[in-house]
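Asker: With the sequence up front, the predicted model follows.
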Amino acid sequence: MKIGSAAWWKDRTALLVVALVCASLAWAFGRAAGEWSSLILGVVVFVALFSDNRRLRREIKRLNEGEAPTER
């Protein structure tokens with residue numbers, strides 16, 4: 001994609017719009033949740049890390065047993 005082309009401008013504009021939407025949603029979440037926002041985000045991150053760790057451990061166990069890796 002050439003810098004300055006129409007496709008480049010569309011891409012950059014879409015990127016800015018998505019960034020503004022994400023920033024607005026983050027602000028709204030912090031505003032609505034108040035002092036609980038860090039606790040909520042911490043719990044979400046902990047659950048995500050725990051579930052990913054379980055998935056990776058199962059994959060390692062399968063690989064050690066000689067099975068082919070599963071496609072996701």
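Answerer: Happy to help now that I have it. Numbering: from 1, shown residues only.
Asker: Does anything pack onto the helix or strand where residue 19 lies? Which helices or strands?
Answerer: Residue 19 is part of helix 6-33, with elements assigned from DSSP states H and E. Judged by 3 or more CB pairs under 8 Å, 6 or more residues apart in numbering; DSSP states H and E, the packing partners of helix 6-33 are helix 37-64. From N, CA and C alone the C-beta is placed, and that goes for glycine too.
Asker: tilt between the helix holding residue 19 and helix 37-64?
Answerer: If you take axes from the mean of the first three to the mean of the last three CA atoms, to 10 degrees, helix 6-33 sits at 120 degrees to helix 37-64.
Asker: Pull the distance from helix 6-33 to the chain's centre.
Answerer: The chain centroid and the centroid of helix 6-33 are separated by 15 Å under CA atoms, centre = their mean, to the nearest Å.
Asker: Next, the buried residues of it.
Answerer: For helix 6-33, a neighbour-count test (16 or more other CB atoms under 10 Å) marks nothing as buried.
Asker: Tell me which residues are up against stretch 7-23.
Answerer: 1, 2 (CB atoms under 8 Å, 6 or more residues apart in numbering).
Asker: Now with 10 Å, please.
Answerer: Here stretch 7-23 makes contact (CB atoms under 10 Å, 6 or more residues apart in numbering) with 1, 2, 3, 5.
Asker: ok, of those, which one's closest to residue 44?
Answerer: Using CB to CB, residue 1 is the member of the contacts of stretch 7-23 that lies nearest residue 44, at 35.0 Å.
Asker: List the contacts of that closest one.
Answerer: Shown in contact with residue 1 (CB under 10 Å, 6+ apart): 7, 8, 10, 11.
Asker: Pull the most distant pair out of the residues you listed.
Answerer: The most widely separated members of these are 8 and 10, with 7.4 Å between them, by CB to CB.
Asker: so where's the chain shaky on pLDDT?
Answerer: Scanning the chain for pLDDT under 70 picks out 67-72.
Asker: now do 90
Answerer: For the chain, the stretches with pLDDT under 90 are 1-4, 65-72.
Asker: What lies in contact with stretch 31-47?
Answerer: 26, 29, 30.
Asker: Apply 7 Å and report the result again.
Answerer: Here stretch 31-47 makes contact (CB atoms under 7 Å, 6 or more residues apart in numbering) with 29, 30.
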